[in-house]
Structures are given as C-alpha cells and as structure tokens.
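Any chance you can model this:
(chains A and B)
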Amino acid sequence: MKKLTIMLTVILTVIAFSGCDWFKPPYTPPTGADANVAVYVLNSGSTSISVIDLEEDSVYNNVATVGTWPNQLVFHDGKLYCVNSGSNNITIYDVSTWEAETPIALGIGHNPMNMVIYDDATAYVSCSVSNKVLKIDLDSKTVVREMKAGVGCTGIAIANAKVYAANTGYISWDQPYMTGTVTVFNAVNGDSIKTIEVATNPQAIGVAGDGKLHVAAAGNWFDIPGAISVIDPETDAVSATYPVGSTPGSIAIDEVNNVAYCGIWGAGALAYNTATGTVVDEVFAGHGGSGVLSFDGIWISDWDADMVYKYNSEGTAVDSFLVGDSPSALAFRNEPQE
Amino acid sequence: MKRHFKILLISCFLPVLLLAREEATVIGTISDKESGSPLIAVNIYLKDTVIGTMTNDEGCFIITDIPPGNYELIASMIGYEKIVRILRLSPGERLQLDILMKQTVLDYGKNVMVTASRTQKYIEEIPGSVDLISQEVLLNRNPQDLGEALRDIKGVMIKSYGGLGSSQMISLRGSSSEQVLVLIDGQRVNNAQNGYVDLSNIPSNEIEKIEVVKGANSALYGSDAVGGVINIITKKAGEKDMLGITFKGMLGSFHSRALESSLRYGVKGVSLRAAYKFLNSLGDFPYTDNYGSPQVRINSDIRSHSISGRLGYVFSNSDMKPGIDLKYTHFRSEKGAPGTIEPYYYEARMWDRNSNLSLNINSKVFDQFNDIRFSASYQTTYNRYLNNEMLVPTDNSFATRSLNSEIQGHSVLNSYLMLTYGIGEHTSRMDNFQQDTSYRRLTYYAFILNESDIRFDGRYLRSLIISPSIRYDSHSDFNNVFSPKIGFVLNIGDAWKTGIKSNFGLSYRAPTFNDLYWPEDAYTVGNPDLKPESGMDFDIGARLQYPVLDGLYFESVFFHNYMTNLIIWESSGEKWKPDNVDVARIYGLENGLKLDIINGYLSTDINYTYLRAINLSQNVTEYGKQLVYRPRHSINASLTGSYKIFTCQYSLNITGKRYTDRSNVELNALPAYAVSDLSFSIRPRIRSTELNVNLQIKNLFNADYRVMKNLPMPGREFRMSLEVQLNQKTNKRRVS
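The predicted model follows:
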C-alpha cells in the first residue's frame, strides 16, 4: 500500500506541474522595437515581424508574430497592419508596445492579399479566392461591404478617391491566364465604376508622382513577358503600356527620381523610368526580390539569405540587415521625434 | 499419471531407440512449471551443433544419433525462460530429461521474441533498440488506429492532426515521417508518392502486436529506415481445431461508433481468418480558436471500412513443416479535410483506398537449422483530395501500385555463424490522373546478416552477440546504395541481468515521386537529380533486468544520427524546387522503466526521452536551431492495476515545447501539454465465451492542447466498447 501511495503521489505531482504556467513563459518585446523611424519586415517563414531601427541602425527580430500565410504590411497612424491570407484576417499591432489588438476577421473563403487605407476609418482589402474587394471600418473592425472584383483579385491602390484592384485572371496551372483587368471602385461608397483591361497577370499597383497608376503585370511565367500598364485616374483608361519584360510581381515607386522598382524574385528588382517606361536597370541588386520598398533609398528583401538590403538610386548597397526567416513584404514608419 | 506418460513416451520412440547403437540419445518431456501441462513446439538443440528437434503435441522430444561427448542443451520457447543443461553423454547412453519451463513474469524485455533482425529472436539477444506493443497492451488501450496504439512508446512522436480519423504521422528519434519505414507482416507500406504512411489508415482490429525498432535499419530493410522501423504483426489465422467468432462494438464521444467482427477457423493444417471493421465519426469536437472564441471542429468526419481475409496451410505430414500464408486486406475511407483552423476548409474532402495481397511460403530445408521463406505482396493505393476553397480549386487523384518479392534464407551453421540472407525486388508505380502521367521505380536488393553468439562460462559474463549486416540496393531512378551496420550485445549476470548494447550503421531515404517528378507549373517543379537522404546512426545503451520489488526492467539508450542530403523544398529563382540542402544532427537519450510493484496486480511503466534535433543547414537564421515539432522532453507514464477480471489503466503523456518554424521563434512555439487517459476493462469468461467490456476516458482532465500548429485536439472523450468472443473446439474427441 505504501508503494502504491508513493507511486500515485509521484504521478499526481507530475500532473499538477504539467498544468503550470512554467510551460509557457510570458514574452515581452525588446526595448527599442518602438522606433519612430523604422522599416518593418514581414518574415514569411517564421510568420513574424522584424523592426529595423533606422535611427539606431539596429534590428529587432521576431518582435511579434502574425497569422497564417502573411502577405502584406501596412503602417498607418501608429499601427502596423498585416494581411494574413490563410487566416482570413488582418492582425493589428501598436508599434509602441507591440501588443496585438483584436484582429479584423474578414470571414471565410476570401484569401485576402493586400490592403490600402483610404482614411483613418476606412480600408479596402483585395481577396483572391472570393474575387472581392472588402470595405473595412477600422473603428469597428468589421467588413461593411463586399464588392465584386475580377478573378484573382490581388493588387490594390487608391488614387483620385478611387480604389483600383488588379485581377490576375489566374484559374489553374493547366489553363491560360484570363485577360488581366483592373476593377475601379468609388473609394467613398464602394460602388463599382468600371473594369479596365491591362497586361497579363497584373499583380501589384503603385502610384507615381504624377498620380498615375502603374500596374505591374508578371506575364504568364512562360512565353508572355511582364509589362507595366499605366492607368490615368482622370480617364480610368490605360494611357501607356511599358513592355519591361521579366516577371514583375511587386512595385515601389521613387517619386523623387521618377523610377519604379518592380520586385523580381531571385534577381532583386527591375527599374524603369515612370515617365518614359525606359528600363534603367534590368537586374537591380541581383539577388532577393521577395519584397521591395522605396523609402530614403530602395529596400530589397532577400528570401533565401534572410537579409534586407538598402540601396541608393545608383544601385549601390549602402546597408544590410539580418532579419527573420524568409523576409518578404516591407513597410516603413517615418515619424521622427522633434 | 507420470508413469503412464513415460510408458507412452517410450512406446512412441521405441523403434528409434532400438536402432540406436554407439550414438547417444536424449529423450524427455517439457512441461509448464506452474500448470504441469506439456509444452508443444519447444525448440531443443545442442549448442554449437546442428543437432536438435521440437516437442510434439504431447510435449515429448527425442534427439538421436548424438556422438558421445559434452554438450550444452538449450530449450527455448516464446513466453518462457530459456533452459540450459550441461550434458555428458557416453557411447550408447539413453538419457531422459524432464524439463519444467517457467513462464516469463514480465512480457517486456525479458525473453520476448521479436523479428527486428528478420528472424525470431529474443529481445535480449538483438543489439537494436526494440519496443514491443503486445496484444495485452492493445486490449487495455483499445486503440482505433495505429497512431493511437503507438503514442506511449519512448522515442515516438505521433504528429496528430486532430481527433479520431484525422491524419497521423510518426516520428522516431526525431526523424521525419518519411524516414520511418512501416511494415505490415514484413511488407513495406510506405507510399511511393509522398514517402510516408498515414497511421489513421491502418485500423487496429487485426493487429496482434507491434514492434518498434529504433535507429538506422537500412542494412536490413533498405530505403526509409533512417529513424527506425515499425513492424506491425497481424493476427494469425485460426487455431487448430478451433472455431472462433468475435463481435465488437464501440460508441464514443463526437458521434463515434465502430463495429468489428472476425471469424477464425482451423482444421487439419488449414486455418482461416476473416475480419471486418466499420468506423464512423463526425469528429465535431469543441475547441477554442486562436482568439479565445469557442468553436466546433466541423468537416472532420470519417467513415471507413476495412476487410481482411487470411488463409494458412501447414503441411503437417512433412518434417520440414512447410507452410503457406495468403492474406488480403482492403481499407477505404472518406473523410472531411478541414486542414488547419487558419485557413479552414469547410467542404474539402479526402478519399483513400488501400488494398494489399500478400503471399508467404516458408519451410525448413535440409534440417531444422535451415529455413527458407518466399514472400510476395502486391499493394495498391488510391487517394483523392477535393478542395474548391483554395486559390486554385483542387481535385487531385493519385494511385500507386507496388510489387514486392523476396526470398530469405536463415541458416544456423554454428553459434558463430547464424546467417540471414536474401534477395528481392520492389517495383513502384505512381499514376497522376490529372496530368495523365505515370512514374516507375524498380529496386533490386540483396542483404546478409550474421549473428555470432559467444557464450561464456564465467560467473558474471553470459554472452556476447555480434551482429554485422550489409545490404545493397540498386534503384532505377537514383544512385545505388550500400547500407552496412554492426551491432553487439554483452549480457552480464543471471538473476541481476545487465545488458550493454550498441549499434553503428548507415541508412538512407529514397526521394519520393513527388520530390523527383512534381510536374512543372507556375510555382513548383520537381528535381529528377535528387540524391537519397543519408543517415549515419550510432547508439549505445544499457538494459537492466533486476529482481527489485516483483520485477524491474530499466533501459537507457543514447542515440546519435547525423543526417545529410536532407530534401527540402525551397525557392530557386522563381519556383519552388526540392534539393539536397539540409544537414541535421539528432541525438538524445531514451529511458524506460518498467516495474512490477505487486506481481500480477500492479505495474507501472515510465518513459522519458530527451531529444536534440539540430538543423545544420547553411541558412543563418536556422543554423543550430531545433527542428520543427521535435520536443526536447517527453514523458509517458502508465499505471496498470489488475484484479481477477478487472483491469484499470491510467496513462499520462507529457510533451514539451515544440517549435513550429525553422528559426525557432518563441512566440510561434507550441506550449507543452499533458494528457491523461483512463481505461477500465472487465473480462469475464463464461464457458467458451470471453467478454471484454472497456470504458475509456481520453484526455481525462480536458486539456486544451495542440500537437501541430493550428490543429486543435479534442477535449475529454468517452469511449465504451463491448467485445464478445466465442470459441468452440471443432474436434472434441481428439481434444478429450
């Protein structure tokens, strides 16, 4: 009986300890991750965020985790938004504390890809499975309207009080791409305005310094090369098509120098003049390309090397940062303290 | 009675005795020490000779034509302690021996036979680290599939995707699922398309026992035996002169129910077995999502059917005892495929169909020290996955076919040369119905294993067993591979038995058809130039078997595996492509303690595994990090109490923190969890009818836990089953 008592005591003690909190220690983000001038890096492999503090020239990795299949980061008004395609939600962080707010649940079956913020209360999200654009009330964190877009709705931008959503037209691996389109909505009420035909497989939209929208189309990855369709927001028509080639999948525009940088996976970026469409550098950086950002230089994410590089406009690397696993999308905060 | 028995014995062998002249003869009987009943088919042989025999149906044996001299006579039988007698035989001597054999008290570790070295061996005589799940353990745990049966074995990590019927993958000593070879009655069942086995597709009702052989074993089994081998031994066909019928029904939480039945019949060398199992579960258990809200796991239902048939025939009129065993199994299931909870697929479905036809022919040749076995199996699998909720709607169907055939011989020349050898071929084919493509792999192989058993007459040293083996595999679609291995066991002591054992070997895993030939699309492409993954494995351990309390068994093994050429899908330019890029070092310590606290009434079993699985890839953020879903610490414990027809078992599984991403982000890590199960069994016997009433409470304390990220596990779950087993002798006159 004594043996039995000892044995039961041991087992019950193990059970009691197994339920204790020591299994999961509390986490606090590192001091300094609340930088006022910073580049935020989405680490897709580790589903986390890194902060590059540009004032202190230091990096804080994995300060917060995001949802499944994170796709894009957007900074706005002291908050960082992350669009999680797999989780069908948008996670929100207060960048001063890195505390996560209640995510914006978008509902099932959407596969959100990108978001754009119209004003402090309204955001629009493109969704590639439901082929919709969702209008979000940021105060109540609810979807207030679902608008029908085209097949494979992915890139999204706002110009001239209108929302432009790029539809890739991708159906499946064994079928050709449908005609690439951009669906235009009224940014105030969400009403559909028109659909514009663009180059094959439009992935991302950037707004140039002259207010025109540059739609980066990747082509069909085989025999149709990438191109840029330029849309004039005044007429909502394609004003020019730049046959830049390669497979541009993202876009960042340097408004000062009128140069757009399109992310090319494995090659860095393709740079072209936004006014003329002339390609100024076919292989800018020469590596990386999973993310591209224009902010006080050109920032390139290198998925394989887990690095983010900063380049000047001449294409010279001026800084590099070791970030988290498989960096992709980038965003910045530029709110230096007086 | 004893006198009559001797008269019977002498009359049986009188003609033989009359023929004997100068040669000596040993005759005798072997009986159970407790009950006194004769023991049938006990192996008796003279050590270092080819002289031996087996007991007949009356427990009698006779060994004739023995040259005069000194011998060591050995009697052995599964479930009994081995008997050794020193004989000094004079010319023409007729020696009578009446041997009593004692049943093993512990069914683990001590005098248990396993087939880890391809032939039946005592567990203490093989260098490998082997754990056995016996029929008794299966009865207590009452698992519904293979994953549930394997959960409590040290060094085993079951990656469960949810509740009953959901996918379950196995990891052995930190390996990947593809690096574990799963055998059913010695035939490989790993899927050639993706390399792994979904344990939920192997129903438990026809499992007799399971051997878990840890460490590299490519030297005996070829590809995929990097982490180890799971050998499932199914129930044999019917016993001689016996008709048996079994019905079993199960009702459980989350709308689960199962029905099993089996028929066994044996007569005149022919034995038959047929079995059927039906399982249905909605699997709609409640869980808490990532944001604290209560949810219900919908679309995780399963409905499966499995049938099996087995026919055995033994040519009992031949001294060589040749036998044929023909078996067919078929499993089909339809299940919901909800995926993770982020994203959640509400309508995705999955269908599986697996069939297997196998044939075994075995016989002794020349004498009882030479065995030969021919085995062949034909296996088909079909899998369909339908999901219209993804970015690209998916309706994938794959089918694989494989054909194995092998001839294996086993020859005992003397105690230093006990050879197991064989040749075989394995053909695999995969059909992709969407792309109308098919791929084929042909493998030829040859292997040889020797076991040298060196016995000592010293007071403490008992035996040293050295076991080298090598295998050569020739593959049609990638490099040919040599897999050598050497192991030894040093057994010390008698009552206080201590064993030291060690193994060193090379192993490999073949690239799967998916790895090699994944069709090129916009995002991915296979790599036909892949090499196999390689492992260099070493382990050393001690095994103690001491008469502490009513029996103590302790085993501790340090293992180390250095793996190279690990296949990882990574971005290469614009596409994802597999490549041999990763290197990993996996080491750890397995500890197991089994204790009979009160013999026959109360026993306990406690395992602890420490595991370091270090990624040595060149990626700077991943180098030196723990591989995903490999807990550093895991504990399994159980306490079993038995009294007459009642059995109660409490089991506890504690699994440590697991990282879910390759860079080991703490915020992504899954916290440790502890899950307890409780089961009660009542097994009354009414004449020839055996009943087994089993009540299980799984996850007793309703722990909210996840084995895999975003895949919640069920909370407290009740299962109740009733088994009725009818046994009827079919030849009463003979038995009486």
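
contacts and neighbour counts: CA atoms only from here.
OK.

need the strands for the stretch 101-250 of chain A, in chain order.
In the stretch 101-250 of chain A, the strands defined using DSSP state E, counting those that start in this stretch lie at A:104-105, A:112-119, A:122-127, A:132-137, A:142-148, A:153-159, A:162-167, A:181-186, A:192-197, A:202-207, A:213-217, A:227-232, A:237-242, A:250-254.

want to throw the ones you listed into TSV with distance to residue B:566, mean pLDDT and mean neighbour count?
Putting the strands of the stretch 101-250 of chain A into TSV (distance: least, CA to CA, whole Å; pLDDT from 0 to 100; neighbours: other CA atoms under 10 Å in any protein chain shown) gives the following:
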stretch	distance to residue B:566	mean pLDDT	mean neighbour count
strand A:104-105	38	96	17
strand A:112-119	32	96	23
strand A:122-127	36	97	26
strand A:132-137	41	98	24
strand A:142-148	45	97	16
strand A:153-159	35	97	27
strand A:162-167	38	98	31
strand A:181-186	42	98	23
strand A:192-197	46	97	16
strand A:202-207	34	97	27
strand A:213-217	36	98	31
strand A:227-232	38	98	25
strand A:237-242	43	97	17
strand A:250-254	32	96	25
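
Pipe these into TSV and attach distance to residue B:233 per row.
Formatted as TSV, the strands of the stretch 101-250 of chain A follow (distance: least, CA to CA, whole Å):
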stretch	distance to residue B:233
strand A:104-105	49
strand A:112-119	49
strand A:122-127	51
strand A:132-137	54
strand A:142-148	56
strand A:153-159	53
strand A:162-167	56
strand A:181-186	60
strand A:192-197	64
strand A:202-207	55
strand A:213-217	58
strand A:227-232	62
strand A:237-242	67
strand A:250-254	56
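
how about those, which one is nearest residue B:343?
Nearest to residue B:343 among these is strand A:112-119; the distance by CA to CA comes to 11.3 Å.

mind listing what that closest one pairs with, with the direction of each?
Strand pairing for strand A:112-119, using DSSP bridges, gives strand A:122-127 (antiparallel).

what angle sits between the strand it pairs with and strand A:153-159?
Put simply, strand A:122-127 runs at 150 degrees to strand A:153-159, going by axes from the mean of the first three to the mean of the last three CA atoms, to 10 degrees.

And the contacts of strand A:122-127?
Strand A:122-127 is contacted from outside by A:110-118, A:132-138, A:152-156, A:163, A:165, using CA atoms under 8 Å, 6 or more residues apart in numbering or on different chains.

With adjacent residues omitted, what lies nearest to residue B:257?
residue B:251 (4.5 Å; CA to CA, 6 or more residues apart in numbering or on different chains).

Next SSE downstream of the stretch of helix or strand the one you found belongs to?
Element membership for residue B:251 (DSSP states H and E) is strand B:242-252. Sequence order places strand B:256-267 as the next helix or strand after strand B:242-252, per DSSP H and E.

Could you list every helix and strand in contact with that next one?
Judged by 3 or more CA pairs under 8 Å, 6 or more residues apart in numbering or on different chains; DSSP states H and E, strand B:256-267 is in contact with strand B:242-252, strand B:270-281.

With mean neighbour count, mean pLDDT and distance to residue B:562 as new columns, can those strands be given to me in CSV?
Compiled in CSV, those are given as follows (neighbours: other CA atoms under 10 Å in any protein chain shown; pLDDT from 0 to 100; distance: least, CA to CA, whole Å):
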stretch, mean neighbour count, mean pLDDT, distance to residue B:562
strand B:242-252, 19, 94, 43
strand B:270-281, 21, 95, 41
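
hang on, the earlier thing: can you give the distance of the strand holding residue B:251 from its chain's centre?
Here the centre of strand B:242-252 is set off from its chain's centre by 23 Å, with CA atoms, centre = their mean, to the nearest Å.

remind me which residues of the chain are low pLDDT?
I'll assume chain A. Counting by pLDDT under 70, chain A has low-confidence residues at A:1-26, A:338.

The intended chain is chain B.
The model of chain B has pLDDT under 70 over residues B:1-21, B:34-35, B:78-79, B:103-111, B:316-317, B:319, B:522, B:571-574, B:730-736.

how about residue B:389, what does it touch?
Applying CA under 8 Å, 6+ apart, the residues contacting residue B:389 are A:109, A:129, B:345, B:347, B:348.

So which of the residues you listed sit within helices?
Counting by DSSP state H, no part of the contacts of residue B:389 is found in helices.

PyMOL command to pick out the buried ones of the residues you listed?
Selection command for PyMOL covering only the buried members of those, criterion 16 or more other CA atoms under 10 Å in any protein chain shown:
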select buried, (chain A and resi 109+129) or (chain B and resi 345+348)
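
Closest one of the contacts of residue B:389 to residue A:177?
Closest approach between those and residue A:177, by CA to CA: residue A:129, at 15.3 Å.

is it true that the closest one touches residue A:171?
No - between residue A:129 and residue A:171 there is no contact under CA atoms under 8 Å: 10.2 Å.

Quick check: bridge partners of the residue nearest the centre of chain A?
What sits nearest the mean C-alpha location of chain A, by CA atoms, centre = their mean, is residue A:72, with 2.0 Å. Here residue A:72 sits in beta bridges with residue A:83, as judged by DSSP bridges.

Next up, the contacts around it.
Counting by CA under 8 Å, 6+ apart, residue A:72 touches A:42, A:82, A:83, A:84, A:113, A:114, A:115, A:329, A:330.

now with 7 Å?
A:82, A:83, A:114, A:329 (CA atoms under 7 Å, 6 or more residues apart in numbering or on different chains).

name the helices or strands packed onto the strand ranked longest in chain B?
In chain B, assigned by DSSP state E, the strand with the most residues is strand B:575-598. Packing partners of strand B:575-598 (3 or more CA pairs under 7 Å, 6 or more residues apart in numbering or on different chains; DSSP states H and E): strand B:552-572, strand B:602-615.

how many degrees apart are that strand and strand B:602-615 in direction?
160 degrees.

Okay, angle between strand B:575-598 and strand B:552-572 too, please.
170 degrees.

Would you check how far apart the residue nearest to the centre of chain A and residue A:217 are?
18 Å (CA to CA, to the nearest Å).

now residue B:145
Taking CA to CA as the measure, residue B:145 falls 50 Å from residue A:217.

now swap in residue B:627 and tell me
Residue B:627 is 38 Å from residue A:217, where distance means CA to CA.

Pick out the residue in the stretch 101-250 of chain B sitting closest to chain A.
Taking CA to the nearest CA, chain A has its nearest neighbour within the stretch 101-250 of chain B at residue B:152, 15.5 Å off.

I figured that residue hits residue B:636, correct?
Yes - between residue B:152 and residue B:636 a contact is recorded at 5.6 Å, counting by CA atoms under 7 Å.

circling back: of the contacts of residue A:72, which is the nearest to chain B?
Distance to chain B, by CA to the nearest CA, is smallest for residue A:83 among the contacts of residue A:72, at 13.0 Å.

which residues does that closest one contact?
Contacts for residue A:83 (CA under 7 Å, 6+ apart) come out as A:70, A:71, A:72, A:73, A:89, A:90, A:91, A:112, A:113, A:114.
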